[in-house]
Structure formats: C-alpha cells, structure tokens
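>>> show me the folded form of this:
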Amino acid sequence: MSDASGTRIDPRAVVDPAARIGEGVRIGPYCVVGAGVEIGDRCALESHVTVRGGTVLGPDNVVAPMAAIGGDPQDLKYRGEESRLVVGSRNRIREFVTLNRGTAGGGGVTSIGDDNLVMAYCHVAHDCRVGSRSILGNATTLAGHVEIGDDANVGAFTGIHQFCRVANHAFIGGYSVVTQDALPWVITVGNRATTHGINLVGLKRKGYPEETIEAIKACYATLFRSKMLLKDAMEKIERELGRFEEIRYFLDFVRTSERGVCR
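Below is the predicted model of the structure:
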C-alpha cells in the first residue's frame, strides 16, 4: 500500500492510526508501529521491526529486521511513566538491536545522534546518550545512563557499566568490560578495560596534523606514564600544550570524570 507522498506500508504491517509517518517511508512486512510514534521522511523499517510509543525517528534511518525500538526501560525503578527515545538522522540500526526509552530518574530521554552504525544484537539501555558518527560493534551492551561521544568506535561484545562515559574519538577493543570513563584518541581494551596508548592509526586516517598527533602523545605520556601527581601533570600539559583544542578537550574530559578514567 502506498500514498501520494511515496510512503509504502506493507499490508501485513500493523501501524497504529495515531502514529505519525513522514513522506517516502517504507514499512515492510510484519512491522508493528505503535501510537505516538513519529517516523521521519524516507525511513525504512525492513521487516519484523517493532517501534513503541514515545519514539521519534528522524529522517533517513534504516532499521533491519527484528529490531525492537523504544521498548520499556529494563529498570526496576520504572513505574510506567511517560518517557522517550529520540533518534537522529541517517542511522543504520541492524538486526535484533534493542533501544530502550528513558526513565524519570535519568531525565526521561534516551537519545541517539546522526550517522551512527549500530550493529546486530546491540543494546542501548535507558537514559543513554549516543553522539554522532560512532560505531557500536556487534552485541555491544550499554547499561543505563551511559554516554557515547562523537566519532567513537566500540568493539564487538563490549559491555559498558552504567554512568560511564566514552569520549569523542575513543577506540574500545572488542570483548572489553568498561567500568570507568574511556579516554579520547586512546585505545582502551580488556576486562577490566585499561589503556594501551594512543590510536595512531585512527588519528592518521582522519588526517590529523603531525603536530597535533605529537601533542596528544605527549599529553597521554605525561598523564599516565610519568610519575607526576595527576594535578601537577595536568597543569604542566595545560601550560605547554593548552593551545591545542584537542588537548583542552582531553584535559576537560579527565577533569570532569565522576567514575575516574581507565588508566
């Protein structure tokens, strides 16, 4: 079934009349779209996708079969209060992914930015914040209240503890268990996850100037390889390398960590 806007809804799909469906949307067989759902222009739900009320999908998202989008939070404190899942644009959400809505205790919103790849069997729990252009490898599991920055890469089968932050440009190896904040431009891997130096390959692939790469290397070495107190090390880095935007972000991420950073 299609309409004048180019939207095509398979007759075997169940779409609540109270859902708002944009132009050029494709909803495949056996999808279920609940009341209160908003699906942006040109989105594609391939087949057997469930989207629950309180979910907003921006334009151009592609959702693979068997994904469950906007389900109730898996939080024993959840009492049925209204909450939301807000997904940006151009995300690729693969098979069997589960994305849960927020809770009152976490602000009521789980959010995902733009241009992310969320691979098969990933779970994004209540009140998480995922930035843009990040990759969550197969079966990555985010506990509640986790923050993933922009341009981060999280390896397959990684578990991230609740309230942890993964910085912009972080690189987390597969099968890791992350219980503290993961640093920017750093390779973090293991159970429990620890740092293993700067992600030089990633920095070069993204075209960072050599001067910036050397500054990030010096920042990491001073913070974690010298015998200086953390406070003294940060003051030294700020004094010598504070002209680099990347260094200021690195230091601010360490300074604002509540769980501590992976060392």
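
>>> give me the neighbour count for the nearest residue in space to Val261 that is not next to it in sequence.
Closest residue to Val261 apart from its sequence neighbours, by Cβ to Cβ, 6 or more residues apart in numbering: Asp181 at 4.7 Å. Glycine gets a C-beta too; all of them are placed from N, C-alpha and C. Burial of Asp181 is recorded as 23 neighbouring residues (other Cβ atoms under 10 Å).

>>> for the one 4 residues further on, same thing?
Using other Cβ under 10 Å, Trp185 is surrounded by 27 other residues.

>>> can I assume the residue nearest to Val261 is in contact with Phe163?
No - contact criterion Cβ atoms under 8 Å: Asp181 and Phe163 do not qualify, at 9.4 Å.

>>> how far is stretch 92-100 from where the chain is centred?
12 Å (Cα atoms, centre = their mean, to the nearest Å).

>>> mean confidence score for it?
Stretch 92-100 shows an average pLDDT of 98 in the prediction.

>>> return the alpha-carbon coordinates of it using PDB.
The C-alpha trace of stretch 92-100 is given here as PDB (Å, rounded to 0.1, in the frame of the first residue of the first chain):
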ATOM      1  CA  ARG A  92      21.900   2.200  10.400                       C
ATOM      2  CA  ILE A  93      20.300   0.000  13.000                       C
ATOM      3  CA  ARG A  94      20.900  -3.600  12.300                       C
ATOM      4  CA  GLU A  95      19.300  -6.900  13.200                       C
ATOM      5  CA  PHE A  96      18.000  -7.700  16.700                       C
ATOM      6  CA  VAL A  97      19.100  -4.300  18.100                       C
ATOM      7  CA  THR A  98      17.200  -3.100  21.200                       C
ATOM      8  CA  LEU A  99      16.900   0.600  22.000                       C
ATOM      9  CA  ASN A 100      15.000   1.400  25.300                       C
END
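
>>> and the pLDDT at the most centrally placed residue in the chain?
By Cα atoms, centre = their mean, the chain has its centre lying nearest to Val130, at 2.9 Å. Reported pLDDT at Val130 in the predicted model: 98.

>>> roughly how far apart are Val124 and Arg259?
Separation of Val124 from Arg259 (Cβ to Cβ, to the nearest Å): 19 Å.

>>> quick one: which of those two has more around it?
Higher neighbour count among Val124 and Arg259: Val124, with 29 against 14, using other Cβ under 10 Å.

>>> so Val49 sits against Gly28, correct?
Yes - between Val49 and Gly28 there is a contact at 7.4 Å, judged by Cβ under 8 Å.

>>> who has more neighbours, the two?
Remark: of Val49 and Gly28, Val49 carries more neighbours, 24 against 18, as counted by other Cβ under 10 Å.

>>> hey, C-alpha coordinates of the strand or helix carrying Asp232 in CSV?
Here Asp232 sits within helix 230-241, counting by DSSP states H and E. Written as CSV, here are the backbone C-alpha positions of helix 230-241 (Å, rounded to 0.1, in the frame of the first residue of the first chain):
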residue,chain,number,x,y,z
LEU,A,230,47.7,13.9,38.2
LYS,A,231,47.1,17.5,39.3
ASP,A,232,50.7,18.5,38.5
ALA,A,233,50.7,16.6,35.2
MET,A,234,47.6,18.4,34.1
GLU,A,235,49.0,21.8,35.0
LYS,A,236,52.1,21.0,33.0
ILE,A,237,50.2,19.9,30.0
GLU,A,238,47.9,22.9,30.1
ARG,A,239,50.9,25.2,30.3
GLU,A,240,52.8,23.6,27.5
LEU,A,241,50.1,22.2,25.1
